[in-house]
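[1] next comes the sequence, and after it the predicted model I'd like to discuss.
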Amino acid sequence: MGTLLWLASVILVIVGIVELISGAILFGIVLIVLGLLVGPGGVSIFNGRRTV
């Protein structure tokens, strides 16, 4: 599962960067933020809230 989340995160960030370059700034930023949230190294939206 971690590999799939990592792959989805990488794809979202790359597409976000391409969108930023092509001029869709807001959509590019949204995709990059989603990529950072989905990635297993970031705050994954698929892992519920954890109490420490």
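    Structure's in. What do you need?

[2] give the buried residues for stretch 9-28.
    Across stretch 9-28, burial judged by 16 or more other Cβ atoms under 10 Å covers 9, 12-13, 15-16, 19-20, 28. The way it works is simple: take the backbone N, C-alpha and C, and place the C-beta from them, glycine included.

[3] which residues in this protein form strands?
    For the chain, no strands are identified by DSSP state E.

[4] helices along that one, start to end?
    Secondary structure of the chain by DSSP state H: the helices cover 2-22, 25-38.

[5] export those helices as TSV, with columns for mean pLDDT.
    Shown next, in TSV, are the helices of the chain (pLDDT from 0 to 100):
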stretch	mean pLDDT
helix 2-22	87
helix 25-38	88
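
[6] at the geometric centre of this structure, which residue do we find?
    Against the mean C-alpha coordinate of the chain, by Cα atoms, centre = their mean, the closest residue is residue 35 at 0.4 Å.

[7] run a quick check on that residue versus residue 16, I expect a contact.
    Yes. Between residue 35 and residue 16 there is a contact at 6.2 Å, judged by Cβ atoms under 8 Å.

[8] quick one on the thing from earlier: ok, now which ones touch the residue lying closest to the residue nearest to the centre of the chain once chain neighbours are set aside?
    Spatial nearest neighbour of residue 35, excluding adjacent residues (Cβ to Cβ, 6 or more residues apart in numbering): residue 12 at 3.3 Å. By Cβ atoms under 8 Å, 6 or more residues apart in numbering, the contact list for residue 12 reads 31-32, 34-35, 38.
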